[in-house]
Structures are given as C-alpha cells and as structure tokens.
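Peer 1: Make a model of this:
(chains A and B)
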Amino acid sequence: MTSAASNFAARLASAIGASRVSADPAECTEYAVDEIVPAAVAKPSATEEVAEIVRFAALEKLALIPCGNRSKLEIGMPPSRYDLALDMTGLNQIAHYDPGDLTVGVDAGANFNDLAAPLFKQKQFLPLLVPFYFESTIGGIIASGLDSSLRHSCGTARDFLIGAEFVDGTGRLCKSGGRVVKNVTGYDLHKLLIGSLGTVAVITRLNFRTFPAPPASRSFVLSFSAPRDALVFSNLVERSPIRPASLDLVSPRLIELFVEAEKNSSQPPTAALKGEFPAGSWHLCVSVEGSPQVCERASREFAELAASSTAKPAQFVTLNENEGAGLWHYVSQFISFLLEACPLTAIFKITILPSRLAPLLEQLRALADQASLPYAVLARACGVLYFSLLLPSDEHESLNSASLQPLAEATSAVFSFCTSENACAYLPWCPNQLKRQVNTWGSPRADFGLMRRLKSAFDPQNLFAPGRFL
Amino acid sequence: MHAGLLRDLEKLLGSSSVLFQPEDVLLYEYDGSVEKGRPDIVVFPTTTQEVSQIVKLAVKDNVPIVGRGAGTGLSGGALARIGGVMIVFARMNRILSIDPENQRAVVQPGVVNFDLTLAAEPHGLYFAPDPSSQKSCTIGGNVAENAGGPHTLAYGVTANHVTALELVLPDGEIVRVGSAQGDAPGYDLTGLFVGSEGTLALVTEITVKLTRKPEAIKTQLAIFDSVDDAAETVVDVTARAIIPAACEMLDGWTLRVVEDFVHAGFPRDCAAVLLLEVEGLAEAVTAQAAAITDVCKTHHAREVRLARDNAERELLWKGRKNAFGALGRLAPSNYVLDGVIPRTKLPQTLRHVREIGARYGFDICNIFHAGDGNLHPIVLYDPRDKGQFERAMQASAEIIRYCVEVGGTLTGEHGIGMEKAELMPLLFSDADFDLMRRVHDACNPACLLNPGKIFPLSKGCGEIRIRAKSSSRPSPS
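Peer 2: This next block holds a predicted model:
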C-alpha cells in the first residue's frame, strides 16, 4: 500500500472509528474487483456513517465500490479506479415488516436468508431467488439486477421494489418511493439502482411489496430432443389458461452439470435429479402454484398437451413440492454450477421477444459450433436467454490472450449477431482476462449517453465504481 | 407574443395544426383538476420528427413546452403553468402494431387507453392499466402520470406494463430507451421516464405489454351497514393473503347518488359497499370468491352478491367508473384527492377523514381503490364561494398530511403536477430535492419541459419562480 493510501485510511479511521476501517493488505485483497485491490475497506454500521464515508471520499477524491457479501463483484468492467471498498454488511436490520400490508423494509446489508426467514413465518416471500441468493445481501441482489425463474409470474425487482434510501455522490442520504404498494410521488429514482452495480449511489435501505406463499405447487420436467420443440411446447403452455409460475428451458450440458453436482453433494439427494434424463435432450422446467385443485388441473392439462402436441416430449416427469424445490434450487443457481465446472466461461444475458428465442438460439448454437466451443443454455420463456460459451479446461494452465482468443472471437461474434437481430446482450460473467479484449456491455446503445448524464447527476465526481458500467 | 415562433410553427405544421387565438387556446387551460394554466400556442403534430422540430423551435426562443393527451389528468400535469407551446398528441393516435404472439403493442401517445384494449380483444388480450377515465384518457398521459386504476391491485400500474419508449429530449434529440422484451443493459430508464410527468422528455412512442384475459372472473358486491366493517374487511382480505384483481370501496353517501345516475343495482340504504373481483382459473376463482365471502361475513356484511353474468358485472363497474361524474348532482364542484396509506391503517384513516370533513363543514365522499390503500376522498364544495374553496383546499391538505403521518404518500396514481407540488416537502428533504433537481437538469437543463410541476415553486427552476403566473388557487400547505 502506498503511503498516500495509508494516510487516507488513517484519516478515515479517525473520522469514523478505527474499528470501522481496515488497510490490512490481506483483508483488502478479499475485496478485489477484477484483481484490482482497494487500499482500504470501510465497514459502516449506520446510515450516517455511510454518508460520512462518501463525503470523505468526495473530499479526498477516492473511488469507492459498495459491496455486500461479494458474491457477484465480477459483473461489469474492471473499475478504472478503486481506492476504498465499502462493506455494507454492518447495516443488516429489518427496518419494518407489516405482514398485514404485505410490505417490508430492509437494510441493504441484510442477508437474503435473514429476510426470507421472517417472511416465511408469515407465509410470505420475495421472488428474488437469483443466482447466489443464499450468500447474497439484499442490496447486492438489487444492485446486480439479476432475475429469477419466478419472474414469469412475479416480474423482476422493478415490479416489487417500492422504495429505497441511498447515499448519493455528494454524501447525502436521499430517498425515493416509499413504503406503500402504490405511489407516483416524485421521480422513481429507486428504479435506477436496480442493476446499477453500485455506480449511481450507495443503497442503504430497500422497501418491497411481499408476496403471499402459494398453498401448493407442482413442477414438471418435459424433455425434448430439439430446443425448438421445447419452445413450441412452452408457447402452448403460455397460451393455455394455466399461468405457470416459472417456465425455463435447460440445455443438455447444463442438466448434466446439475446431475454431476447432485452426485457430489453432501445434501440429501434431490429426487428431481435422480431420474434418468434422456441423453442430449433439452428440458422444459415448469412450475405451477395455487390451490391443490389448480395444481391437479395443470398436471392433467399439461399431460394432455404433451400427448396431443406436434412437439412431443420424449419424457414427462411430474414433481411434488419437495422434489420441485430441489429442481428449482439447481435452476436458480445455474451460474454457480457453470462457473464451478468451467471457470473460463463467458455467460451472456440476451433478451429478445419470445417468438424469436428459438431462431436466435439456433444461430448462437451454430456460432458456438463453428468456434468449436461447448455451450450451455438457460432460457426463460419470457424472452431471456443465458447463453454460455465454455472454454475447455485443458487450456486453463497457459492462460493468456492467445489461449483466450477463441473465446474472445466467439464473444465478439455473439455481440455482433445479437445487434443484427435487435436483441439486447451483455456479458455478466466472463474470465477477467477477457475483459481486456471485449467490452462486457456489448455494442453501445443509443441510450448510454443519457445513462451517463444520469450517473453524473447522482455522482457528480464519479466516485462510485468508476468504469464498472459506463 | 412569440410571433416568430408562431410563424415557424405554422410553416412546419400548417396553419390547421396551430392554434393561438385566445378563444381557441382557452379550451386547453383546463384538465380534470381544479388548476388552470393557459398555453400561448397549441400545436398538433403527427410525427415524432415534427415533435422534435417543434421542441427545437420553442427551445431556440426559450419558450416552455407542455405535452398533453386528452387533458383528463387530475393534478394539473398537462397545463401550461407559465404559458408557452402546448403539444397536443391527439393526432398521434395510431396503434402502430399489435403482436399477439409476444403480447406486445406499439402505440403513439395519443391512443386512447380503452381503444388499445378493444384492438387487442380479438386476440384474447387487453391493456391492464384501467383508469376510470380509460374511455377518454390517452396512453401517453398514462405514461406521464404512471396511471393506475382499479385492477392495478393485481396487475400493477402503467410502469409495470411499459417495456420501451421513444423520447424527444429538450434539445430535439430522439432517443429510444428499454427494449420490446423489457430488459436492457444498464439503468432502467423506462422506469424513470414513466411517471416523470412530462418534465424529463416528451414520449412519442410506447411499447406496452398486453395481458391475456383470464379464464374466469367473479365479481362480488359486499354490502355493509358500517364503514368500519367494510374497512376491516379490506384489512382482513389483505392479511389473509387473498389478492383480488380489484377491491374498491364506495361509501353509502356516494352510492345513492351513483345509483340515481347509473342504476347499477347498488343498495340505497347501506353505509358502504366493496366491489371485489377475482380472476384466474375457474378452480382458483371459485375458492377465492368463497374465501372473500367468508371474510365479508366475519365482518358483518349484510349481503354478499355475486354478479350473475357479464352484463351485471359491467353494470357494477359502470357504476364505479362513472361515480365521479355522478357527484356533479351533489355539489357544483368537487376536489378529488389521491392519498395512499398502508392498508392496515384503512379503518382509522377513514374515521379521520370523516372528522376532518365535519370540522371544516364539508361532505366528503369516498370512492377508492381500497385494496391497495389508495384513497380518493372527494370534497364537495361551491367554487363560487372563495372562502369555501379555500377551506376545501385546507381540509384536503390536512387529509393528505394524515396519509403521510401514517406511513403513506401524496399520490398513488394522479401524479403531483401543479396540485400537490407544494406538499412535496412533507415527504422529501432538501437532499432529495437537490438530487431530483440534478436528475431533472440532466434531461431538461433549461427547465423548458413542463415547468412548474412536481417541484415546489421555491425549489423549482429560478426562472419559473419569477415567471410563475398566480395560481388559480391558494397554496394548500
């Protein structure tokens, strides 16, 4: 650490207390973002301390990145500057919970699981089972902007985040929205925090509308030899009167990873993955929630659809509630399984209108085949495609720009293709080294200029995670 | 005034698309609120390019610009507070595409809300936001105000149904934000612009989600002899995690007037009714309706009626949606409030509203979206009596203050506009205003787009503070 850095750490310590600041190199390393290590870590325990730290950073012109449990820090481009990590896990209380009003307010640093437990007691939940949720803070989940399988029925955070408090780049505590389920008072600034990766403000509190837990649920796995058939079937499900809670397509490689992980797991076996999945098949995973009668009817109608459809599944498996929970755990954590199995993975999030999912997927598979790269896919029927290119593991040892070249070329080709198809694409996960060759935000969009202006409005001195997004 | 600008606008649009005579622009000084603000020039563009050109011309002359749909807004959002050019989107009223497979439609801002539902109907789809004014209000206006309606309880407000926008910024630049699917990399600009009340940009094209019609709908009318019982029923329905598609309350006072006007079959001798609707699979709907009946009975409902057919259902909704109009029979004018409270506070809030009415000597009607805690107390008054008008405004401000005190907010669906701008400090600090101001300036730096809205005048653009014409009414604060 430079002496300048140690100086600022000492000054910050005297401002907010020595126990709240660490300049220990080993500890700072734990907060590295894309291998860039901050000079100090601040650990506020109150909102006013967060504001004070930001004012300090503004005064000293320090770049800071707010974080929770650091499970998703690799999303985004490497920061252009990074002096101070702002560990928000000390702000971790449930500020208010009104089960009768179906609303909850929680500090940004609270663990998702610590919030889920009291909600569960009241038979309520938040549909935020996003990748890494079990090790995430609520603030991290919102700032990463990830979606969950339940978006099919519950939407994404923008549909149930009803208000927020945050510290802006001038070090002042601000708010938007409120604690009620309907509110059009003032600008909806809290919507800009979703997926902002800490670049616009430091989130301190989030207010949500909660959801009543369904009385029953049932899940189905329908296996198809071709993804196109699976998506044709998914379209039939969409047009039926039954509204699925989740409707995701899992590729052969991904289901293999789930089965392998299941074999190595110390957890009780997941019945969902015990069955034999037809090799090389694509699996449409569907869940239905509601009364037992609704679940019964879904079973009946999906079986009828499967029997009568031109897109016939090779296998149709019905899962009870527990089995379904096992399946959806794997589906929700697909990113972890991909990254564990193949650290050199480039995972795109691509959005397109649902009717164009099948042809897009076909082209992307062809593109991966041309590059001789294995791939894995998770597609949500609402038009979200997580497409992963996997660089084979025997190439890991001599990792350099040459060995990454096939991945870099294929990544650029995916971006170009998506642009030509009018699909939105970015690359939330990829090897850090790839970011030297590829902009993970993909082709520049016409609205990036407007986003830059808004970032400056929130953060005039560009203190917050500079370079990570725009 | 603005002679050069007028000439340029006529050259651009043709004289049939430009109004400037006082008797012509007079029509545009009103909306559905009690506010007034007359534009100097009214223009009717037909394309986004024309909107962009109009904006460039007005900005060059430092003249304010206000967008307007059908003028049904209830907060003075579409009024020219300090004059200037009003862009009326009435001629940009085409549904550009309906994509049933993907449940999307692309519309121009002047499309009437209900016309989109009619156009989507053959595909088994509809546009979910359904403000009471849906047969006349425009989708552009819905976007500006982030409009709601009775069915937003289950389906959300306008923002939940908009996936992309085409915008014209004050420098004339045309920008698209969001995507047809909805998700786009980076910040959720669509989420910011919906509900920004025309102060950040003009919206010239809107991509919306269409919702599939449910298999079954059951509509129930629960009749109560006490307002408290009706309010407790709403609290209990929510607490039991039953989410109806709609849960509306009308008090007895209002019902009698509505019934005289609409003949919807509302009882004349009760204290309140709840109009409850559940939608979904036949099995689910039957169970939910039974559960709701149970809750109503627990809270001493005199009767719970089930609409026998679609005609009866439509009649009940006609009664609800035309209720505001029917109130014209009771008093020369009325003032509709739009506060929101946590739903658990509903009984005490309704009692408090009654107390305030009694104290100020007003009859206050309640017709509102009980299920999401969105109150619409309606103060009946005679505007010819200036003292009465001022007292009505004071009573209204007191009600809104109470909503904020119990954890609620100033507006659930009507917007801040001119009407509630001075109440904003009840909720927002100087730091909040500073940030909102910077966000405003990032898009609208010269403050020429819809000036004098959302921000209290003391915190608005300096220019506006000087130029603001005297308001049509005293500040309610």
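Peer 1: so where's the stretch 301-450 of chain A uncertain?
Peer 2: A:393-398 (pLDDT under 70).
Peer 1: what does it have sitting close to chain B?
Peer 2: For the stretch 301-450 of chain A, the residues in contact with chain B (Cβ under 8 Å from any Cβ of the partner chain) are A:349, A:351-355, A:382-384, A:424-426, A:441-442, A:445-450. Quick note: C-beta positions are derived from backbone N, CA and C, even for glycine.
Peer 1: again, only this time at 10 Å
Peer 2: With the criterion set to Cβ under 10 Å from any Cβ of the partner chain, the stretch 301-450 of chain A comes near chain B through A:301, A:349-357, A:382-384, A:422-428, A:440-443, A:445-450.
Peer 1: secondary structure class for the residue nearest the centre of chain A?
Peer 2: Nearest to the mean C-alpha position of chain A, by Cα atoms, centre = their mean, lies A:Leu146 at 2.6 Å. Under DSSP: H, G, I helix; E, B strand; the rest coil, A:Leu146 falls in the coil class.
Peer 1: any idea of the pLDDT on it?
Peer 2: On the pLDDT scale, A:Leu146 is placed at 97.
Peer 1: How about A:Ala272?
Peer 2: 65.
Peer 1: B:Ser472 too?
Peer 2: pLDDT for B:Ser472: 42.
Peer 1: How about A:Asp159?
Peer 2: 97.
Peer 1: show me the contacts for it.
Peer 2: A:127, A:151, A:209, B:156-157, B:159-160, B:191 (Cβ atoms under 10 Å, 6 or more residues apart in numbering or on different chains).
Peer 1: Around chain B, which positions in the stretch 1-150 of chain A sit nearby?
Peer 2: Counting by Cβ under 10 Å from any Cβ, the stretch 1-150 of chain A sits next to chain B at A:51, A:96, A:98-103, A:122-124, A:145, A:147.
Peer 1: Keep only those of those that are in strands.
Peer 2: A:96, A:98, A:103, A:124 (DSSP state E).
Peer 1: Report the closest residue of the stretch 51-200 of chain A relative to chain B.
Peer 2: At 3.2 Å from chain B, A:Lys191 is the closest residue in the stretch 51-200 of chain A, using Cβ to the nearest Cβ.
Peer 1: same question, the stretch 201-350 of chain A
Peer 2: For the stretch 201-350 of chain A, Cβ to the nearest Cβ, closest residue to chain B: A:Pro212, 3.1 Å.
Peer 1: if we can go back for a sec, can you flag the buried ones in the residues of the stretch 301-450 of chain A next to chain B?
Peer 2: Burial by neighbour count, judged by 16 or more other Cβ atoms under 10 Å in any protein chain shown, picks out A:301, A:349-354, A:356-357, A:382-384, A:423-428, A:440-443, A:445, A:447-448, A:450 from those.
Peer 1: Run through the strands of the stretch 351-470 of chain A in chain order.
Peer 2: Assigned by DSSP state E, counting those that start in this stretch, the strands in the stretch 351-470 of chain A fall at A:375-380, A:384-390, A:424-429.
Peer 1: Render the CA-only coordinates of the second one in CSV, please.
Peer 2: The C-alpha trace of strand A:384-390 is given here as CSV (Å, rounded to 0.1, in the frame of the first residue of the first chain):
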residue,chain,number,x,y,z
VAL,A,384,-34.4,-14.1,-21.6
LEU,A,385,-31.5,-16.3,-22.8
TYR,A,386,-28.5,-17.1,-20.7
PHE,A,387,-26.0,-18.4,-23.3
SER,A,388,-22.7,-19.7,-22.0
LEU,A,389,-19.6,-20.4,-24.0
LEU,A,390,-17.3,-22.8,-22.2
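Peer 1: show me the contacts for residue 299.
Peer 2: Just so you know, I chose chain A. A:Ser299 neighbours (Cβ under 10 Å, 6+ apart): A:218, A:220, A:288, A:316, A:318.
Peer 1: Switch to chain B, please.
Peer 2: Contacts of B:His299 by Cβ under 10 Å, 6+ apart are B:222, B:224, B:226, B:228-237, B:274.
Peer 1: so which of those also contact chain A?
Peer 2: Applying Cβ under 10 Å from any Cβ to these, those adjacent to chain A are B:235-236.
Peer 1: how about the contacts of B:His299, which pair is most distant?
Peer 2: Spanning the widest gap among the contacts of B:His299 are B:Ser226 and B:Val237, at 16.5 Å by Cβ to Cβ.
Peer 1: Among these two, which residue is more densely surrounded?
Peer 2: B:Val237 (25 against 15; other Cβ atoms under 10 Å in any protein chain shown).
Peer 1: helix or strand for the residue lying closest to A:Glu30 once chain neighbours are set aside, which one?
Peer 2: Nearest non-adjacent residue to A:Glu30, counting by Cβ to Cβ, 6 or more residues apart in numbering or on different chains: A:Arg70, 7.3 Å away. Using DSSP states H and E, A:Arg70 falls within no helix or strand.
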